[in-house]
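# Sequence plus the predicted model coming up.
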Amino acid sequence: MQYLEVTPHPTLSNYVDAYWTASGSSTQNSIEKILPDGCVDIIFNLGNDCYTDNGTFLMRSEKAYLVGTMTKYKETEMDTNTRLLGVRFKPGAVSAFFKFPSLSEITNQTIELGKFLCLDLRKLIKSPFELLNQELARNLNKPNPYLLNQIQTIKKSKGQIKIQELASIHCTTVRQLERNFKEHLGTTPKEFVNLVRYQNAMEAIEQRKSNESILSIAFDFGYYDHSHLTNDFKRYIGCAPTLI
């Protein structure tokens with residue numbers, strides 16, 4: 001697979017994590033593992049039909065799709081003529097541009113968007129990032145600063161914060177947190193906290209020193225023991241942390 005990421009225009013950088021393209025290998029088909037990152041994506045299929053969601057959903061050529069927040073890894077099948085163009089929104093930020101029903105209804109799912117943004121496919125192929133910058137800037141509305149600040153607090157804590165503490169810091173209730181996270185992020189606050197913790201633990205394991213054990217990292221990030229960490233990793237990336 002050939003994969004490329006492009007930084008969005010600075011006016012969008014608080015809300016759009018990246019634009020990306022993914023193309024199949026020129027010589028053989030492949031199955032690509034997609035890891036959960038807390039983000040919602042919009043994908044334009046500019047190439048052949050391809051299967052995603054572990055072979056259960058067909059993304060048809062010349063169609064746009066909304067990919068809900070993932071709480072577990074999934075696989076996408078790519079052939080030599082696969083060409084995908086994506087917009088990866090930062091957690092909780094897609095609602096700054098578009099009003100969808102509660103994102104909790106499409107967690108771990110992919111849905112077709114129909115004729116999305118009325119984009120001309122030929123123009124999108126020719127200059128995708130310029131066109132996406134223009135269209136998203138045109139659709140940018142007032143974001144939800146409370147939710148984005150709550151998400152930032154979770155990230156700063158590296159996923160080591162209690163939901164009651166998060167609610168207290170932001171002068172809200174656990175019930176209100178639950179409602180906002182499900183609607184605009186697609187997960188509960190606890191699910192997102194666990195996701196952020198795993199991401200930070202994985203980074204620490206990837207960068208660990210030769211004399212540093214995975215068990216000590218597990219304790220550092222609030223896991224009860226090695227098996228607790230392993231169970232999280234198997235759900236999120238499909239393998240044990242020792243195989244990273």
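Looks like it came in fine.

# Show me the protein divided up by domain.
Using automatic domain parsing, the domains assigned to the chain come out as 2-139, 145-243.

# can you list these in a markdown table and add mean neighbour count?
Every C-beta, even on glycine, is put in place using the N, C-alpha and C of the backbone. Converted to a markdown table, the domains of the chain look like this (neighbours: other CB atoms under 10 Å):
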| stretch | mean neighbour count |
| --- | --- |
| domain 2-139 | 17 |
| domain 145-243 | 16 |
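
# Save the ones you listed as JSON lines, and put in mean pLDDT too.
Formatted as JSON lines, the domains of the chain follow (pLDDT from 0 to 100):
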{"stretch": "domain 2-139", "mean pLDDT": "92"}
{"stretch": "domain 145-243", "mean pLDDT": "93"}
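
# Across the sheet, point out what pairs with the nearest residue to residue 115 once chain neighbours are set aside.
In space, and not counting its chain neighbours, residue 115 is closest to residue 64: 7.7 Å by CB to CB, 6 or more residues apart in numbering. Counting by DSSP bridges, residue 64 is bridged to residue 44, residue 114.

# In this structure, mark out all the helices, start to finish.
121-126, 128-139, 145-156, 163-169, 174-184, 189-206, 214-220, 226-237 (DSSP state H).

# which residues sit against the first one?
Which is helix 121-126. 44, 46, 62, 85, 131-132 (CB atoms under 8 Å, 6 or more residues apart in numbering).

# Among the residues you listed, which pair sits farthest apart?
The most widely separated members of these, counting by CB to CB, are 62 and 132 (16.4 Å).

# give me every residue that touches the residue positioned nearest the centre of the chain.
Per CA atoms, centre = their mean, the C-alpha nearest to the average position across the chain is that of residue 39, at 2.6 Å. Residue 39 is in contact with 17, 69, 88-91, counting by CB under 8 Å, 6+ apart.

# out of the residues you listed, which one sits closest to residue 204?
Among the contacts of residue 39, and counting by CB to CB, the member closest to residue 204 is residue 91, at 20.3 Å.

# Save the contacts of helix 121-126 as CSV, and put in distance to residue 230 too.
Listed next are these as CSV, based on distance: CB to CB, whole Å:
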residue, distance to residue 230
44, 37
46, 38
62, 42
85, 35
131, 44
132, 39
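
# Let me know which of the helices of the chain is the nearest to residue 9.
helix 128-139 (4.3 Å).
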